[in-house]
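*Asks:* The sequence and its predicted three-dimensional model are supplied below.
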Amino acid sequence: MSNLPIGPDPTLRSDNLRMVGKLVVVAALMFGFGYALVPMYRAICDALGINVLTLAEQRAATGSWSGRGAVNTQVDTARSITIEFDANVRGPWQFKSAQRSLSVHPGEMATVEYEFTNVQNRTMTAQAIPSYAPMQASPHFSKVECFCFNEWTLAPGETRRWPVTFVVDPKLPKDVTTITLSYTFFEVGGRVPPAPKGTT
């Protein structure tokens with residue numbers, strides 16, 4: 001007759017308990033690390049002088065997307081930058097900004113609205129591409145919300161309005177006092193009308 005022990009091996013049971021204990025500790029550490037990520041991220045941003053707000057935080061701070069943006073502790077109130085808004089079209093439709101210019105402080109979030117009307121008697125799809133002047137301002141102009149690069153389909157006579165929410169980096173060179181944000185709106189895959197006769 002065999003002398004094998006009956007029932008679970010005490011050594012195996014002890015090893016299992018140790019493994020369960022290690023897994024519980026690892027799970028607790030992972031949870032703690034995930035919980036601490038947000039405060040760590042904020043602390044690092046503050047230490048490096050980076051002020052990044054999520055869209056949810058902006059909405060919570062302002063209560064809406066309209067008007068000026070969230071309170072920013074890095075706004076340079078000693079400087080004012082004039083932002084000029086330019087709208088160009090390729091084709092017979094209307095495209096314009098709600099205002100020609102806006103004065104902002106570097107670090108201050110602001111919003112401007114653009115309006116597009118399809119005056120043609122057919123449905124069309126178009127998109128916009130932005131550009132900046134002077135060129136050295138481009139890396140310092142950040143758009144939080146923008147309609148550019150998306151394709152938009154409008155029915156005949158339809159009008160749409162889109163907000164552009166932006167902020168100018170306080171590191172913008174001191175000699176730049178005016179930035180022109182220019183959009184060119186063109187039909188995607190459509191017909192671009194020839195230049196009027198008599199023009200070159």
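*Replies:* Everything's here; your move. These numbers were taken from a predicted model, which means no experiment stands behind them.
*Asks:* And this structure, split by domain according to the record?
*Replies:* Per the record, the chain has its domains at 9-50, 55-187, by automatic domain parsing.
*Asks:* Kindly reformat the ones you listed as JSON lines containing mean pLDDT and mean neighbour count.
*Replies:* Just so you know, the C-beta spots here come from the backbone N, C-alpha and C atoms, and that holds for glycine as well. Written out in JSON lines, the entries for those read as follows (pLDDT from 0 to 100; neighbours: other Cβ atoms under 10 Å):
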{"stretch": "domain 9-50", "mean pLDDT": "70", "mean neighbour count": "10"}
{"stretch": "domain 55-187", "mean pLDDT": "83", "mean neighbour count": "15"}
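*Asks:* For stretch 136-154, give me every contacting residue.
*Replies:* With Cβ atoms under 8 Å, 6 or more residues apart in numbering as the test, stretch 136-154 has contacts from 55, 58, 65, 69, 109, 111, 114, 116-118, 123-130, 132, 160, 162-169, 171-173, 176, 179, 181, 183, 188.
*Asks:* Go through those and flag which are in strands.
*Replies:* 109, 111, 114, 116-117, 124-130, 132, 160, 162-168, 179, 181, 183 (DSSP state E).
*Asks:* Let me see the contact set for the closest residue to Leu102 other than its chain neighbours.
*Replies:* By the measure of Cβ to Cβ, 6 or more residues apart in numbering, the closest residue to Leu102 outside its immediate chain neighbours is Ile83, 4.9 Å from it. The neighbourhood of Ile83, defined by Cβ under 8 Å, 6+ apart, consists of 101-104, 110, 112, 166, 168, 178-181.
*Asks:* partners of the helix or strand containing Ile83 in the sheet?
*Replies:* With elements taken from DSSP states H and E, the one containing Ile83 is strand 81-90. According to DSSP bridges, strand 81-90 forms sheet pairs with strand 101-104 (antiparallel), strand 178-187 (parallel).
*Asks:* you'd agree Ser182 is up against Ile129?
*Replies:* No - in this structure Ser182 lies outside contact range of Ile129 using Cβ atoms under 8 Å: 9.3 Å.
*Asks:* before we move on, back to that, output the strands paired with strand 81-90 in JSON lines, with distance to Phe141 appended to each entry.
*Replies:* Supplementary listing: the strands paired with strand 81-90 in JSON lines, determined by distance: least, Cβ to Cβ, whole Å:
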{"stretch": "strand 101-104", "distance to Phe141": "11"}
{"stretch": "strand 178-187", "distance to Phe141": "6"}
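*Asks:* can you pull out the helices in this structure?
*Replies:* Using DSSP state H, the helices assigned to the chain run over residues 10-48, 55-62.
*Asks:* Bridge partners for the residue nearest to Leu102, pull those for me.
*Replies:* Beta bridges link Ile83 to Leu102, Ile179, judged by DSSP bridges.
*Asks:* quick one: Thr77 and His105 touch, right?
*Replies:* Yes - under the contact definition of Cβ under 8 Å, Thr77 touches His105, with a separation of 5.3 Å.
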